[in-house]
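Asks: mind looking at a prediction? Sequence and model below.
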Amino acid sequence: MDEDDDDLSGLLGQLRQNNTFTNKAMKSNENFNLPKEQLEEFILNTSGRLVQDSLDMIDIVKERVAGAAEPDDVASLSELFKASTSTIEALNKILIQDKKAMTTMTVKQMDIEAKKEIAQQESEGRFLASREEMMKQLVKDAKIIDVTEEKDL
């Protein structure tokens, strides 16, 4: 009878632990608040953690499949690969989109700088051409004045 009591106590203890864990999980879901500003960081961190956990599980299931290949284990391994691959693809798309946006911004900034430089050179060129034209006009319209000095003796 003592053995049955021990088993029953152990089972009750496990149920209490499970109930505590379930209550804790439900409470954490109720209080979850994600500001828009932190959305990108949250997605990247949780996706990264998900991929890492999936890769760890893939290693565990691969060892299990290698030891005794059962259909359920092979299906589990396949689903883990599929989930990990799709998550990595999503992260890759985010990375590519971010790099593309940075490249676009850099090219746009370079374009603006080039246009500023061209505009500055054109305005300087106009001033130089105006000066040259003015000097040519002055020389062309100039009258020669003969200045002779007479000395009074």
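Replies: Right, received. Where do you want to start?
Asks: what helices or strands is the helix or strand hosting residue 88 leaning on?
Replies: Following DSSP states H and E, the helix or strand that holds residue 88 is helix 71-141. The helices and strands touching helix 71-141, judged by 3 or more C-beta pairs under 8 Å, 6 or more residues apart in numbering; DSSP states H and E, are helix 39-67. (C-beta placed from N, C-alpha, C; glycine too.)
Asks: and the angle from the helix it packs on to helix 71-141?
Replies: Computed with axes from the mean of the first three to the mean of the last three C-alpha atoms, to 10 degrees, the direction of helix 39-67 lies at 140 degrees from that of helix 71-141.
Asks: tell me the buried residues in helix 39-67?
Replies: When neighbours are counted by 16 or more other C-beta atoms under 10 Å, the buried residues of helix 39-67 are found to be 51, 54, 58, 61, 65.
Asks: gap between the last one and residue 59?
Replies: Put plainly, it is residue 65. Computed as C-beta to C-beta, to the nearest Å, the residue 65 to residue 59 distance reads 11 Å.
Asks: follow-up on the earlier one: what mean pLDDT does the helix holding residue 88 have?
Replies: Mean pLDDT, computed over helix 71-141, is 84.
Asks: which residue is nearest the middle of this protein?
Replies: For the chain, the residue whose C-alpha lies nearest the mean C-alpha position (C-alpha atoms, centre = their mean) is residue 98; its distance is 4.1 Å.
Asks: ok, residue 65 - contacts?
Replies: Residues counted as contacts of residue 65 (C-beta atoms under 8 Å, 6 or more residues apart in numbering) are 73-74, 77.
Asks: how close does it get to residue 120?
Replies: With distances taken as C-beta to C-beta, residue 65 is found 68 Å from residue 120.
Asks: could you do residue 101 as well?
Replies: When distance is defined by C-beta to C-beta, residue 101 is 29 Å away from residue 120.
Asks: equivalent analysis for residue 51, please.
Replies: As defined by C-beta to C-beta, residue 51 lies at a distance of 50 Å from residue 120.
Asks: what of residue 114?
Replies: Here the distance between residue 114 and residue 120 works out to 11 Å (C-beta to C-beta).
Asks: repeat that for residue 105.
Replies: For residue 105, the distance to residue 120 equals 23 Å [C-beta to C-beta].
Asks: hmm, back to that, please pick the buried ones from the contacts of residue 65.
Replies: Burial of these was assessed by neighbour count (16+ other C-beta under 10 Å); the buried members are 73, 77.
Asks: no more questions from me, cheers.
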